[in-house]
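**Q** Generate coordinates for the sequence data below:
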Amino acid sequence: MKSSITQGVKMLATGSAVPDLCINNELISNIVDTSDEWIFNRTGIKERRILSGSTSLIDIAALASIQALDKTNINALDLDLIILATSTPNDLFGSASQLQAKIGASRAIAFDITAACSGFLIAMVTAAQFIQNGSYNNVLVVGADVLSKWTDWSDRRTCILFGDGAGAAILQSCSLLENNILGFNLNTNGQKFDQLNIQYEYSKKEDLFSTGIKGNFKYITMNGKEVYKFAVSKVPQSIQCCLSSLNLSVKQINWLLLHQANERILNAVASRLMIPSEKVISNLSKYGNTSAASIPLALNEAIEDSRIQSGDLVVMSGFGAGLTWGTLILRWNA
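**A** You can find the predicted model right below:
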């Protein structure tokens, strides 16, 4: 079969933004029966950022987007497409159009992708397909979530984990020789959807037109043991599969960037792949689990502080609700 790939994909720049309000473990211990030591030993988290006041998902997504654009030679009017990966939209019908308006990208098509903690990777893969087949040249991909508004702050199992944030990446078409999005592997197991979700609970209220269909979304629920087993089993398999498809080996990885869910998961995945800890990127202690924002937030920080150097092979892997998981391999070129 003839390949439909007509051009390569280059990541031009990244950006990130987090709310100002910082909630540390000591403060949470005043709300539920826990402690800084208990939280940190089990998760690796010391603090997280939470939206407050009138600040919204779109506000932090726009800040991350503008930061990324400012590092390039293009502006918002040059964007052809905006993909917003979020599971916590401002509007249930989608929020990408609000982001488009906020940053002044009036020529861009904009839509949301909902895939929780795997959302940014799936959005990146989607963007890459549009570029590779020649449909669009400049694409903004944003991962942003405000899980704090769906967190039960009386539930010690979940309230210690989540924070809010946004991360962005600018992708641009290039020659096949300059291509630096090397490959991907995506997976879903819908049979396990109930291990991590935000359920919709039907009410008993009835009226003439909507008998039995009214209700409300509840809080985040998670089977921590099952999610841990799923992640440490499936993520290494996905990474190995993706590397093999590109004839690359684990030894060639310069940086492993996993969804920032729990330090135990990060360590277990790295251990199974025999990747040393100094090659694992983590900012979990500062932000907690920011869902779709976690990978681009950590990626941007690692690029800004010069840990990631031009030519480095970066393996990114997301996993979470759905259940969904996947890998994207990037050769960073500054």
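**Q** separation between the most centrally placed residue in the chain and Thr114?
**A** Closest to where the C-alpha atoms of the chain average out (Cα atoms, centre = their mean) is Ala292, at 2.4 Å. In this view, Ala292 and Thr114 are 9 Å apart by Cβ to Cβ, to the nearest Å. Where C-beta positions appear, they are placed from N, C-alpha and C, glycine not excepted.
**Q** what sits in contact with each of the two?
**A** Common contacts of Ala292 and Thr114, defined by Cβ atoms under 8 Å, 6 or more residues apart in numbering, comprise 85-87.
**Q** can you put those in TSV and add distance to Leu140 and pLDDT?
**A** As requested, the shared contacts of Ala292 and Thr114 are exported to TSV (distance: Cβ to Cβ, whole Å; pLDDT from 0 to 100):
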residue	distance to Leu140	pLDDT
Ala85	11	97
Thr86	14	97
Ser87	19	93
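**Q** among those, who's most crowded?
**A** Neighbour counts for these (other Cβ atoms under 10 Å) peak at Ala85, which has 32 neighbours.
**Q** Any regions of the protein where pLDDT drops low?
**A** 1-3, 203-213, 219 (pLDDT under 70).
**Q** where exactly do the helices run in it?
**A** 25-28, 36-43, 57-70, 96-103, 119-132, 156-159, 224-245, 263-273, 284-287, 294-304 (DSSP state H).
**Q** And the contacts of the second one?
**A** For helix 36-43, contacts defined as Cβ under 8 Å, 6+ apart pick out 24-26, 28-29, 45-46, 160-161, 262-264, 284-285, 288.
**Q** For ChimeraX, what selects the buried ones among those?
**A** Buried members of the contacts of helix 36-43, defined by 16 or more other Cβ atoms under 10 Å, are picked up in ChimeraX with:
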select :25,28,29,45,46,160,161,262,263,284,288
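**Q** from the contacts of helix 36-43, which is closest to Ile329?
**A** Within these, the smallest distance to Ile329 is 21.7 Å, found for Leu284 (Cβ to Cβ).
**Q** out of everything not next to it in sequence, what's closest to the closest one?
**A** Spatially, and ignoring its direct neighbours in sequence, Leu284 is nearest to Gln260 (4.4 Å; Cβ to Cβ, 6 or more residues apart in numbering).
**Q** Number of residues surrounding the one you found?
**A** Per other Cβ under 10 Å, the neighbour tally for Gln260 reads 30.
**Q** With Ser245 instead?
**A** A count of nearby residues for Ser245, using other Cβ under 10 Å, gives 14.
**Q** and if you look at the one 5 residues further on?
**A** The burial count assigned to Val250 is 15, neighbours taken as other Cβ under 10 Å.
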